[in-house]
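Participant: return a 3D structure for these sequence lines:
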Amino acid sequence: MPTSKSPSKSPSKSTPRSTSSSSARAKPSSGKPLLFGTGVVLAAALLGFVSYRAIAPDTSAGSSVSAADESSASSGAAAEVPGDAAGLPTLARRDGTDKLAQGRVDAPVVLIEYADFKCGYCGKFARDTEPALVRTYVENGTLRIEWRNFPIFGAESEAAARAAWAAGQQDRFWQFHRAAYAEGAKEKGFGKDRLKALAQQAGVPDLARFVRDADGSAAADAVREDQEQGYGIGATSTPSFLINGNPIAGAQPTETFTRAIERAAEEAARSGKAKVPGGDAKDSGSPKATAE
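Facilitator: Numbering: from 1, shown residues only. Below you'll find the model as predicted:
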């Protein structure tokens, strides 16, 4: 499966995994085995195929894209897998103490996003689609959104991921997320001073603690865990999503997400699993955090 940019492509909505040496080093190797069963392996292969289709070369004449634009990829076919075709197991944490999530822990639908703060199409999803999903589905208890740090563009991506986690330790993850994905934010880079400024903009109360947390081993471990999960299910581009185990690759139109969410909610209702047995109804994160 190719992951590098082709010289003949048209703009797309998914950023392919970088093949530069710095990005190659970003893939974690913690020495801990990834324990995925046969079903996960098959589904991971499917997610990889879906990701490829989202970034597959467009052979139409006259299409072009700058190889220097890391937020561009090629156009592909629809990146949604309908029904139970994917069958990825539930990787939702449903942890009421998860600082990088919003929505009820017993929501019938969980959307997991694997994303990079240097990814232009991740920013497009954050600005154009996610707020509508929060208003329509998170606030009425249908949807829970869980973030996974999936940095693939080298040192600054890694630093931004750790900083976002650190902001979350002071309950300001979603505010940091919004600031980091604001129009034009990624072009300013994610150096240490810039990350501290973003934390201040996000209202992180203790900036000294923020710096310590971002540089600490707990942040590095948390980011590595998210990365390993993403690699383990076959994610090859950002953003990549799972909606109750069904993958969507790329910042697809809002209608793609609403259709997938509503179908997943209907399936949960039919199966009698609209609520997690014994689930804590406590919210994790503020459903309105992205609108503050």
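Participant: quick one: contacts for the closest residue to Gln201 other than its chain neighbours?
Facilitator: Spatial nearest neighbour of Gln201, chain neighbours left out: Ala179 (4.7 Å); criterion: CB to CB, 6 or more residues apart in numbering. Where you see a C-beta, it was placed from the backbone N, CA and C, and this is true even at glycine. Residues near Ala179 by CB atoms under 8 Å, 6 or more residues apart in numbering: Ala185, Leu198, Gln201, Ala202.
Participant: count of neighbours near the first one?
Facilitator: Think Ala185. Neighbourhood size, Ala185 [other CB atoms under 10 Å]: 19.
Participant: and it, what does it touch?
Facilitator: By CB under 8 Å, 6+ apart, the contact set of Ala185 is Gly123, Ala179, Leu198.
Participant: circling back: among the contacts of Ala179, who's most crowded?
Facilitator: Neighbour counts for these (other CB under 10 Å) peak at Leu198, which has 26 neighbours.
Participant: stretch 255-272: which residues count as buried?
Facilitator: For stretch 255-272, a neighbour-count test (16 or more other CB atoms under 10 Å) marks Thr256, Phe257, Ala260, Ile261, Arg263, Ala264, Ala265, Glu267, Ala268 as buried.
Participant: and stretch 226-246, by the same measure?
Facilitator: Going by neighbour count (16+ other CB under 10 Å), the buried part of stretch 226-246 is 226-231, 233-246.
Participant: equivalent analysis for stretch 136-155, please.
Facilitator: Buried residues in stretch 136-155 (16+ other CB under 10 Å): 136-138, 141-154.
Participant: who is Ile248 paired with across the strands?
Facilitator: When bridges are called by DSSP bridges, Ile248 pairs up with Glu80, Phe241.
Participant: what is the burial count for it?
Facilitator: Neighbour number of Ile248 under other CB under 10 Å is 26.
Participant: isn't it up against Thr258?
Facilitator: No: using CB atoms under 8 Å, Ile248 is not in contact with Thr258, being 11.5 Å away.
Participant: make JSON lines out of the buried residues of stretch 255-272 and add secondary structure.
Facilitator: Compiled in JSON lines, these are given as follows (DSSP: H, G, I helix; E, B strand; the rest coil):
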{"residue": "Thr256", "secondary structure": "helix"}
{"residue": "Phe257", "secondary structure": "helix"}
{"residue": "Ala260", "secondary structure": "helix"}
{"residue": "Ile261", "secondary structure": "helix"}
{"residue": "Arg263", "secondary structure": "helix"}
{"residue": "Ala264", "secondary structure": "helix"}
{"residue": "Ala265", "secondary structure": "helix"}
{"residue": "Glu267", "secondary structure": "helix"}
{"residue": "Ala268", "secondary structure": "helix"}
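Participant: kind regards, and thank you for your time.
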